[in-house]
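*Asks:* fold the following and give me the result.
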Amino acid sequence: MPTRRELLAAMAAVTTLGLRTAWADPAGTTASSVSASASPLPGRTFMPALTGAPFPHASRAAGHDYNGEHFDVAQCYSDSTVGIYVPSHFKPGAATDVIVHFHGWSNHVEQVLQRYELREQLESSGLNAVLVVPQGPKDAKDSGDGKLELDAEGFKRFMQEVGAFLLAQKVVSTSAVGRIVLTMHSGGYGGVGGVLTRGGMNESITDVILFDAAYNYFGAFADWAKGSPERHLLSIFTDDTALGNADLMALLQGVRPYEVFDAASMTLAGLRTRNPTFVFTNSVEHDKLMQQYRWFELFLRTTALARAAA
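*Replies:* Residues are numbered from 1 along each chain as shown. Sure thing, here's the model as predicted:
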C-alpha cells in the first residue's frame, strides 16, 4: 500500500499533466467564461427556524473557545435558521431530492447563499432538487454542528422536518425525502462527518462533495464511500487539505479505485464517475472554490440527481 508521502507525490505529478481542457457544460461553455447572473432569483427562498437545526445544543451550552477567542451561546449558538431554496424549474414528485450544504467557519446562512451563489448555481444546473442550508456555528470559528453532528438520527429527524415544512408550504404534495446530496465547505466537515457516522440516512445519500473540507472524520467519509460502488465521494482541495485528502486516499486504497485530477484538466464527462474523485487546485483561493468558476454547479451536475422535466 502506498504511503501518504507517495500519494502526495502522485498528486503533485497530476498537477503537471494538463491532460484535458477546462470543464465545459453540454453547450460547450468553459468554466472560465461563465459569470453569475445579476437578475433577481426566479425561485423561492424560505428562512424558517426549525427545531432540528444544529443549534441550540448542549454541546455549546457554554459557548466555544478557539485560540483565545470566545464565541458565546447567545450570538453564535442560538440561531436555528435553515435556508431553503426551491428553484424555478422544480417539479414535485413522489419524493423530494435534496442538496444539504454545510457552511464553514465565520459564516451565516444569508451570507453563505449570497457569497457563494448557491441558489444561482442550482438554478443553472437544472437539477430537480431543493437546496437546504442549516445554520451551523454562527459567525464562529468552530466546526461543531450540534444536533446534526452529535445526536443519533439527528439528521433523519431534521430531514423529516424539512419535508414537513415543504409540504406545509405547498411546495410538494408529500413530505417524503428522496435522494440526498451532502456538500460542505471548509469547516463544514464536522456536520457531514457526524451525519455519515450517526445521522441514520446513509442509504439515501448518493453523493458527498467536499470543497477543501478534508480536515477530520476521514474514516466516516471513507466508510460511507466503501458502502456501495454507487456512492460518489468528490473532493476538491488546495494545499490547505492536501494531507487530509492523502489520508482519505490511503483509506480507500485497495478497496475502491479512485480518480485524481488537476482542476485545470477536469471535464464534466470525466467527473461523471461513481469512483471516489479527488481534484487538486493551486490557482483558486480556499474561499472562492465554489463560486469563482461555478464549481458548485459543475459538481452538482456530476451527482445522481435528475434534471427537472421540461
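*Asks:* so where do the helices sit in the stretch 1-150 of the chain?
*Replies:* In chain order, the stretch 1-150 of the chain shows helices spanning 4-14, 73-76, 109-115, 118-125, 146-150, with DSSP state H, counting those that start in this stretch as the criterion.
*Asks:* check the stretch 151-300 of the chain too.
*Replies:* Using DSSP H, counting those that start in this stretch, the helices of the stretch 151-300 of the chain run over residues 154-168, 189-198, 218-226, 242-252, 268-271, 295-300.
*Asks:* so for Thr81, which of those helices sits nearest?
*Replies:* Go through the helices of the stretch 151-300 of the chain one by one with CB to CB and the one that ends up closest to Thr81 is helix 154-168, at 12.4 Å. All C-beta atoms are positioned from the backbone trio N, CA, C, and that covers glycine.
*Asks:* keeping just the C-alphas, turn the closest one into PDB.
*Replies:* Backbone C-alpha positions of helix 154-168 (Å, rounded to 0.1, in the frame of the first residue of the first chain) are rendered in PDB as follows:
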ATOM      1  CA  GLY A 154     -30.500  13.800  14.300                       C
ATOM      2  CA  PHE A 155     -30.100  14.300  10.600                       C
ATOM      3  CA  LYS A 156     -33.000  11.900   9.900                       C
ATOM      4  CA  ARG A 157     -35.300  14.000  12.200                       C
ATOM      5  CA  PHE A 158     -34.000  17.200  10.500                       C
ATOM      6  CA  MET A 159     -34.800  15.900   7.000                       C
ATOM      7  CA  GLN A 160     -38.300  14.800   8.200                       C
ATOM      8  CA  GLU A 161     -38.900  18.300   9.400                       C
ATOM      9  CA  VAL A 162     -37.600  19.800   6.200                       C
ATOM     10  CA  GLY A 163     -40.000  17.600   4.300                       C
ATOM     11  CA  ALA A 164     -42.900  18.500   6.500                       C
ATOM     12  CA  PHE A 165     -42.100  22.200   6.000                       C
ATOM     13  CA  LEU A 166     -42.100  21.900   2.200                       C
ATOM     14  CA  LEU A 167     -45.400  20.100   2.400                       C
ATOM     15  CA  ALA A 168     -46.900  22.800   4.700                       C
END
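*Asks:* coming back round to it: need the helices of the stretch 151-300 of the chain in a markdown table with distance to Val177, can you?
*Replies:* Formatted as a markdown table, the entries for the helices of the stretch 151-300 of the chain read as follows, by distance: least, CB to CB, whole Å:
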| stretch | distance to Val177 |
| --- | --- |
| helix 154-168 | 5 |
| helix 189-198 | 13 |
| helix 218-226 | 18 |
| helix 242-252 | 27 |
| helix 268-271 | 25 |
| helix 295-300 | 17 |
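*Asks:* need those in a markdown table with mean pLDDT, mean neighbour count and distance to Ser175, can you?
*Replies:* Shown next, in a markdown table, are these (pLDDT from 0 to 100; neighbours: other CB atoms under 10 Å; distance: least, CB to CB, whole Å):
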| stretch | mean pLDDT | mean neighbour count | distance to Ser175 |
| --- | --- | --- | --- |
| helix 154-168 | 98 | 20 | 4 |
| helix 189-198 | 98 | 25 | 19 |
| helix 218-226 | 98 | 20 | 25 |
| helix 242-252 | 97 | 21 | 34 |
| helix 268-271 | 94 | 16 | 32 |
| helix 295-300 | 98 | 25 | 23 |
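*Asks:* out of these, which gets nearest to Asp207?
*Replies:* With distances scored as CB to CB, the stretch of the helices of the stretch 151-300 of the chain nearest to Asp207 is helix 295-300 (8.4 Å).
*Asks:* show me what that closest one packs onto, helices and strands only.
*Replies:* Other elements packing on helix 295-300 under the criterion 3 or more CB pairs under 8 Å, 6 or more residues apart in numbering; DSSP states H and E are helix 118-125, strand 177-185, strand 205-211, strand 232-237, helix 268-271.
*Asks:* got the angle between the second one and helix 118-125?
*Replies:* With axes from the mean of the first three to the mean of the last three CA atoms, to 10 degrees defining the directions, strand 177-185 sits at 120 degrees from helix 118-125.
*Asks:* and if you look at the fourth one?
*Replies:* Between the axes of strand 232-237 and helix 118-125, defined by the same axes, to 10 degrees, the angle is 130 degrees.
*Asks:* and the residue nearest to Arg115 when sequence neighbours are not counted, how many neighbours?
*Replies:* Nearest residue to Arg115 in three dimensions, chain neighbours excluded: Gln291, at 7.1 Å (CB to CB, 6 or more residues apart in numbering). Using other CB atoms under 10 Å, Gln291 is surrounded by 19 other residues.
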